[in-house]
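Enquirer: The following block contains a protein sequence and its predicted model.
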Amino acid sequence: MHDFGKLVYMDLQKSGSTFVSRFLRETCILPELREWKHGRLNGRPKKGVYYFVTVRHPVAQYSSLFRYGLDGRGGLYERLQKLGKGKLYSGDEGAFNQWLRFVMDYRNAAYLGEGFEKVPESFDLGFLSFRYLMMCLAKPERTLLLKPEVMELSEFVRENSIIDHIIYNEVLNEGLIELSTRIRPEFFDQEKVEKFFREEKRVNESATGAEQLGALDEQVRALLKRKEGLLLSLYS
């Protein structure tokens with residue numbers, strides 16, 4: 001979380017947050033009051049504050065997490081390694097599907113950490129949709145448990161989300177330009193915005209999450225569509 005007073009960026013993991021953080025520091029005219037990497041809003045949302053988040057297609061995001069682990073990097077890899085599950089990271093054919101089955105099995109929620117195991121099994125929630133929820137709700141762990149049993153999760157999120165604007169990782173440059181020049185131009189130095197994108201070039205993924213979805217086996221694909229329905233709904 002990057003708190004610039006009237007502008008707050010909820011920096012969801014593996015969604016281009018490092019690039020966005022650099023953009024904000026180089027172009028925003030507001031003083032940065034606080035940085036808490038991937039932090040959650042554990043208090044009430046402030047009135048008059050504009051909250052935004054970046055998101056990424058869950059397949060591309062899972063693929064990035066897996067490849068990060070193959071390189072021996074990332075918090076998720078480190079947790080699984082310490083718990084004796086490091087063998088899940090393999091370059092063998094089918095390893096990504098096997099890793100995804102493990103990650104999306106609720107019985108393994110405690111291995112993933114971040115409080116994911118506290119979410120009731122009845123939510124049938126995927127790890128990445130959980131991470132998104134932790135960014136878009138105030139006092140998220142407590143708020144999530146207030147969801148009425150009969151209410152769909154997506155409806156509950158719409159009613160309780162603090163997020164004013166979503167930027168998609170797949171079109172990150174365009175999204176940041178729109179935010180800084182058309183949606184909230186008063187928060188940015190326009191000359192610095194122009195200079196930033198004149199000098200910085202973001203390297204995008206070679207394949208989108210939607211394209212990568214077809215590479216999963218049928219069972220894993222169905223499981224992901226169900227458990228990551230909240231994130232996928234943002235792409236429909």
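Expert: Happy to help now that I have it. Numbering: from 1, shown residues only.
Enquirer: wait, Leu41 sits on Pro140?
Expert: Yes: shown here, Leu41 and Pro140 form a contact pair, counting by CB atoms under 8 Å, at 7.5 Å. From N, CA and C alone the C-beta is placed, and that goes for glycine too.
Enquirer: Those two: which has the busier surroundings?
Expert: Set side by side, Leu41 and Pro140 show more neighbours around Leu41, with 22 against 19, by other CB atoms under 10 Å.
Enquirer: for that one, phi and psi?
Expert: Backbone torsions of Leu41, given as degrees, to the nearest 10, read phi -80, psi 100.
Enquirer: so what pLDDT did it get?
Expert: pLDDT recorded at Leu41 is 96.
Enquirer: Same question for Tyr111.
Expert: Looking at Tyr111, the pLDDT reads 93.
Enquirer: do the one 3 residues further on as well
Expert: At Glu114, the model reports a pLDDT of 93.
Enquirer: Need the CA coordinates for the longest strand along the chain. PDB is fine.
Expert: Looking across the chain with DSSP state E, the single longest strand is strand 50-55. Extracted in PDB, the C-alpha atoms of strand 50-55 (Å, rounded to 0.1, in the frame of the first residue of the first chain):
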ATOM      1  CA  TYR A  50      -9.100   7.900  -4.100                       C
ATOM      2  CA  TYR A  51      -8.200   4.200  -3.900                       C
ATOM      3  CA  PHE A  52      -6.900   2.200  -6.900                       C
ATOM      4  CA  VAL A  53      -5.500  -1.200  -7.500                       C
ATOM      5  CA  THR A  54      -3.800  -3.100 -10.300                       C
ATOM      6  CA  VAL A  55      -5.000  -6.600 -11.200                       C
END
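Enquirer: Tell me the strands beside that strand, with direction?
Expert: Strand pairing for strand 50-55, using DSSP bridges, gives strand 7-10 (parallel), strand 165-168 (parallel).
Enquirer: any chance of these in TSV, with distance to Val150 and mean pLDDT too?
Expert: Below are the strands paired with strand 50-55 laid out as TSV (distance: least, CB to CB, whole Å; pLDDT from 0 to 100):
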stretch	distance to Val150	mean pLDDT
strand 7-10	28	98
strand 165-168	27	97
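Enquirer: Comparing the ones you listed, which stretch has the densest surroundings?
Expert: strand 7-10 (a mean of 23; mean count of other CB atoms under 10 Å).
Enquirer: residue ranges for the helices of this protein, please.
Expert: 17-27, 58-70, 75-82, 95-103, 109-112, 127-136, 140-144, 153-160, 172-178, 190-199, 209-213, 218-227, 229-233 (DSSP state H).
Enquirer: Out of those, the one nearest Tyr51 is which?
Expert: Nearest to Tyr51 among the helices of the chain is helix 127-136 (8.3 Å), distances taken as CB to CB.
Enquirer: neighbouring contacts of that closest one?
Expert: Helix 127-136 has contacts (CB atoms under 8 Å, 6 or more residues apart in numbering) with 10-13, 40, 53, 55, 58, 61-62, 103-104, 109, 112, 114-116, 119, 125, 140-141, 144, 157, 161-163, 227-231.
Enquirer: at 6 Å what do you get?
Expert: 10, 12, 40, 53, 58, 61, 103, 112, 116, 140, 161, 163, 228, 230-231 (CB atoms under 6 Å, 6 or more residues apart in numbering).
Enquirer: Kindly report the same for stretch 20-28.
Expert: With CB under 6 Å, 6+ apart, stretch 20-28 has contacts from 2, 4, 54, 176, 187-189, 192-193, 196.
Enquirer: What is the nearest of those to Gly84?
Expert: For the contacts of stretch 20-28, the nearest to Gly84 is Thr54 (33.0 Å; CB to CB).
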